[in-house]
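Trainee: For reference, the sequence and a predicted model appear below.
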Amino acid sequence: MTCLATSDAQPHFRGSEMLIVHDMFRREFALMPGLVRGVAAGDRDRAQIIGDHIDGATSALHTHHVLEDDNVWPLLLDRCGESVAPLVKLMEGQHHQIATLIPQVDEALTVWRDSPTVESRQALVDVLDRLIPALKEHLSTEEDRVVPLMEQQITAAEWNEFLKNESAAVDPRHLPLMLGMLMYEGDPESVEQVIAAMSADAGHAVRPLAAPTFAAHSQRVHGTATPPRSTEL
């Protein structure tokens, strides 16, 4: 694979910053079928709590994939040309597969939240059981084949700019929870890089709220402030 070299004088993107995001998705999506199965038929209040959680996770996944589609793939193609085109095509194909499944989750989720019956619950579990393997395969392939290339071709400054754009797309009210989800398993240095990519005001405000917000959310959703980590699932 032939690529244009970036300046060695500039710090480069660190793959661990992608890993903490992927681990968050691995954890939260893997736990979803069990959460849905645990809601008794007719329990609309509990269905709303779990439904809000699933909706938030799928929205975060969509935002993350848009970041890659709009920024990472074009940059790799620009610097590596046709040598990286098959890999980009693979990533785009996996994103498309996931993007096709998420509306199916949304549709089943809406039906279940409106009428949490045994049948609607199983329909939602069934589509989640189709989404999760596709997501896991994508995350692993990206880590194995794309992240090492990103570490060579994308600078830390470029990645931080991408993160700023991603953070700007998130409702500010949701930032403490999103950061808390990353902090739960993420290595401190990578978490600090995420905070540094926020505006100074946002980072200062969000940091002290992140961990307690995640703990309260997890207690409400999972019944514990310390749900299983991705490595335990």
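Mentor: On my side now, so go ahead.
Trainee: The longest helix seen in the chain: what's the following helix or strand?
Mentor: Looking only at the chain and at elements set by DSSP state H, the helix with the highest residue count is helix 85-114. Next along the chain after helix 85-114, taking DSSP states H and E as the criterion, comes helix 118-141.
Trainee: Show me what that next one is packed against.
Mentor: Counting by 3 or more Cβ pairs under 8 Å, 6 or more residues apart in numbering; DSSP states H and E, the packing neighbours recorded for helix 118-141 are helix 16-37, helix 85-114. In this view, the C-beta of every residue, glycine as well, is placed from N, C-alpha and C.
Trainee: Okay, buried residues for the first one please.
Mentor: By neighbour count with 16 or more other Cβ atoms under 10 Å, helix 16-37 contains the buried residues 17-33, 35-36.
Trainee: how many neighbours does Ala156 have?
Mentor: 16 (other Cβ atoms under 10 Å).
Trainee: mind listing what it touches?
Mentor: Gln10, Pro11, His12, Phe13, Arg14, Gln193 (Cβ atoms under 8 Å, 6 or more residues apart in numbering).
Trainee: picking up where we left off before, by contact count, what packs against the longest helix of the chain?
Mentor: Contacts of helix 85-114 with other secondary structure elements, assessed using 3+ Cβ pairs under 8 Å, 6+ apart, are made with helix 44-67, helix 73-80, helix 118-141.
Trainee: model confidence over it, on average?
Mentor: Looking at helix 85-114 alone, the average pLDDT works out to 98.
Trainee: tell me how far it is from the chain's mean position?
Mentor: What separates the centre of helix 85-114 from the centre of its chain is 13 Å, taken as Cα atoms, centre = their mean, to the nearest Å.
Trainee: What of stretch 33-44?
Mentor: For stretch 33-44 - counting by Cα atoms, centre = their mean - the centre lies 23 Å from the chain centre.
Trainee: and that stretch, C-alpha only, in PDB?
Mentor: Included here for stretch 33-44 are C-alpha records, laid out as PDB according to Å, rounded to 0.1, in the frame of the first residue of the first chain:
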ATOM      1  CA  PRO A  33     -31.000  -7.800  24.000                       C
ATOM      2  CA  GLY A  34     -30.900  -8.700  27.600                       C
ATOM      3  CA  LEU A  35     -32.200  -5.300  28.700                       C
ATOM      4  CA  VAL A  36     -35.200  -5.700  26.300                       C
ATOM      5  CA  ARG A  37     -35.900  -9.300  27.300                       C
ATOM      6  CA  GLY A  38     -35.900  -8.100  31.000                       C
ATOM      7  CA  VAL A  39     -38.900  -5.800  30.400                       C
ATOM      8  CA  ALA A  40     -42.200  -7.400  31.300                       C
ATOM      9  CA  ALA A  41     -45.000  -7.300  28.800                       C
ATOM     10  CA  GLY A  42     -47.100  -4.200  29.500                       C
ATOM     11  CA  ASP A  43     -44.400  -2.300  31.500                       C
ATOM     12  CA  ARG A  44     -44.500   0.900  29.400                       C
END
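Trainee: Make sure Glu143 is actually in contact with Ile20.
Mentor: No. Assessed by Cβ atoms under 8 Å, Glu143 is found out of contact with Ile20, at 11.6 Å.
Trainee: Quick check: which ranges of this structure have low pLDDT?
Mentor: Low-confidence segments of the chain, defined by pLDDT under 70, are located at 1-2, 4-8.
Trainee: ok, Glu232 to Ile20 distance?
Mentor: Applying Cβ to Cβ, to the nearest Å, the value for Glu232 to Ile20 is 16 Å.
Trainee: Kindly report the same for Ala200.
Mentor: With Cβ to Cβ as the criterion, Ala200 and Ile20 are 21 Å apart.
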